[in-house]
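Novice: 3D, please:
(one chain, ligands or ions: 1)
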Amino acid sequence: MATAAKNIQILKEVLQKEGLRFTRQRLAVWTEIGISRKHRDADDIFISIRSKGVKVSRATVYRTIDVLVKNKLVRKLDVGDGKNRFESKIDEEHHDHMICLETGNIIEFYNSRLEQLQEKIALDNGYELVRHVHQLFVRPIKK
Ligand SMILES: [Zn+2]
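Specialist: Coordinates of the predicted model:
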């Protein structure tokens with residue numbers, strides 16, 4: 001199945017499970033998050049959807065995002081400034097985030113040694129690592 005069709009099917013299943021109707025507006029929210037590689041807050045996502053001419057309320061965008069997060073289609077990032085950012089979890093390789101305190105830029109990174117080390121730390125403490133949230137807060141080096 002083509003990716004777009006597959007993603008629509010995934011959304012339909014989630015909405016059905018939640019007892020919600022499949023609508024153009026809800027699809028627009030899912031598509032908007034799915035096509036972007038950015039980490040945006042709910043308002044940015046709302047504004048972007050509206051700018052494409054889709055009539056949708058802020059409340060619908062917020063509620064749909066909540067449903068997508070709850071059903072693990074979208075990842076919620078708490079970057080410490082009170083505004084959660086969102087990114088798609090579909091077809092994504094695992095990565096962690098670096099957050100620039102000056103610019104708000106969010107940089108993705110992956111380090112296999114770090115991944116293994118985290119697993120080892122859990123193991124050394126008698127645990128199996130289930131998941132992790134690893135965030136680095138950074139600022140540009142002044143030259
Ligand atoms: Zn990311």
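Novice: how does this protein divide into domains?
Specialist: Using automatic domain parsing, the domain parsing of the chain gives 3-88, 96-138.
Novice: what residues does the protein put near the ion?
Specialist: 87, 108 (Cβ under 5 Å from the ion). The C-beta positions use only the backbone N, C-alpha and C, and glycine is treated the same way.
Novice: where does pLDDT dip in the chain?
Specialist: Flagging of the chain using pLDDT under 70 yields the residue ranges 1-2.
Novice: what about the most centrally placed residue in the chain, which helix or strand?
Specialist: For the chain, residue 87 is the residue whose C-alpha lies nearest the centre (Cα atoms, centre = their mean; 2.3 Å). Using DSSP states H and E, the element containing residue 87 is strand 85-88.
Novice: what segments of the chain are helices?
Specialist: 3-17, 24-35, 42-51, 58-70, 112-124 (DSSP state H).
Novice: of the ones you listed, which stretch is the most buried?
Specialist: Stretch with highest mean neighbour count among the helices of the chain: helix 24-35 (a mean of 20; mean count of other Cβ atoms under 10 Å).
Novice: show me what it is packed against.
Specialist: In terms of contacts (3 or more Cβ pairs under 8 Å, 6 or more residues apart in numbering; DSSP states H and E), helix 24-35 is packed against helix 3-17, helix 42-51, helix 58-70, strand 85-88.
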